[in-house]
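Undergrad: sequence first, predicted coordinates after that:
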Amino acid sequence: MELDLTGPHREDAYMILAGLVTPRPIALTTTVDREGRVNAAPFSFFNLLGDSPPIVGLCPGDRSPGVPKDTARNVRLTHEFVVNLVDEDLAEKMNLCAAGLPPGENELLHAGLTAIPSSVVAPPRIAEAPASLECRSHSIVEIGDNRLIIGEVLRVHVREGILDPQTWLIRSGAYLPIGRMQSPHWYCRTRDIFEMQRPKA
């Protein structure tokens, strides 16, 4: 099967690719507007892009054609955001943050989540998140209807017990992130992992 995403299947690209390129990590992203109102929204078009400097990429779509979502608008105005990673315990409340609330309404309150101060950016972290990445936007790239926010990670906050401070490796069983799968409602757990040693030659 060959699918031409420049031609007849152009409008089907989301369904095709969002189902195949999985699992994707979820960024429950907090931002603030110029009035200091908090917005929280989950995005699975997100990933780590590099480590020197440490950067992440986040692609918030539009609320409607030509109307940016609150996250994109807030980052453009303030240049700051926090990526709160999502584990099994946070999954249901993350999903509540995806509700289409009116602009300016606080999704954290709607979901029963706790905002706590960040160290170097204005948007709050989420206390219930296993890890949070405080970010400053480096650039915003627009390609067609896509908006790629590239953020430099300034601070990492990790729940006690997840990382081994001697090796910085994740302690087995201490961190159980979920991943985004097939649209519209599918996710996965990441309990079933395996190891393969990289060959030396």
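TA: Right, received. Where do you want to start?
Undergrad: elements contacting the helix or strand of the chain with the lowest mean pLDDT?
TA: Least confident helix or strand of the chain, by mean pLDDT, DSSP states H and E, is strand 62-64 with a mean of 75. For strand 62-64, not one helix or strand is in contact under the criterion 3 or more CB pairs under 8 Å, 6 or more residues apart in numbering; DSSP states H and E. For glycine as for every other residue, the C-beta is placed from the backbone atoms N, C-alpha and C.
Undergrad: residues making contact with it?
TA: Strand 62-64 has contacts (CB atoms under 8 Å, 6 or more residues apart in numbering) with 68-70, 72, 145, 147.
Undergrad: chain center to the next helix or strand along the chain from it: distance?
TA: Next along the chain after strand 62-64, taking DSSP states H and E as the criterion, comes strand 67-68. Offset of strand 67-68 from its chain centre (CA atoms, centre = their mean, to the nearest Å): 18 Å.
Undergrad: and what of stretch 142-161?
TA: On CA atoms, centre = their mean, the centre of stretch 142-161 falls 7 Å from that of its chain.
Undergrad: return the set of buried residues in it.
TA: 147, 149-154, 157-159 (16 or more other CB atoms under 10 Å).
Undergrad: the helices in the protein, which residues?
TA: 13-20, 70-78, 91-96, 107-111 (DSSP state H).
Undergrad: farthest pair within the contacts of strand 62-64?
TA: Asp70 and Asp145 (17.2 Å; CB to CB).
Undergrad: quick check: bridge partners of the residue most central in space within the chain?
TA: Nearest residue to the geometric centre of the chain (CA atoms, centre = their mean): Ala27, 1.5 Å. When assigned by DSSP bridges, Ala27 has beta-bridge partners Phe43, Leu85.
Undergrad: who's in contact with it?
TA: 42-44, 46, 56, 58, 83-85.
Undergrad: can you lay out those residues as CSV showing pLDDT?
TA: Shown next, in CSV, are the contacts of Ala27 (pLDDT from 0 to 100):
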residue, pLDDT
Pro42, 97
Phe43, 97
Ser44, 97
Phe46, 98
Val56, 98
Leu58, 97
Val83, 98
Asn84, 98
Leu85, 98
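Undergrad: and those, which two are furthest apart?
TA: Pairwise distances across those peak at 14.3 Å for Pro42 and Val56 (criterion: CB to CB).
Undergrad: that older thread, and which of the contacts of strand 62-64 is nearest to Pro184?
TA: Lys69 (17.1 Å).
Undergrad: that closest one: neighbour count?
TA: The local packing of Lys69 (other CB atoms under 10 Å) involves 20 other residues.
Undergrad: wait, Asp87 sits on Ile178?
TA: Yes. The criterion here is CB atoms under 8 Å, and Asp87 meets it with Ile178 at 6.6 Å.
Undergrad: what residues are up against the residue nearest to His9 when sequence neighbours are not counted?
TA: Using CB to CB, 6 or more residues apart in numbering and skipping the chain neighbours, the partner closest in space to His9 is Leu3 (4.6 Å). Residues near Leu3 by CB under 8 Å, 6+ apart: 9, 12, 16.
Undergrad: pull the contacting residues for the residue nearest to Gly61 when sequence neighbours are not counted.
TA: Setting aside the residues directly before and after it, Gly61 is nearest to Lys69 in space (CB to CB, 6+ apart), at 6.6 Å. If a contact means CB under 8 Å, 6+ apart, then Lys69 has 41, 60-63 as its contacts.
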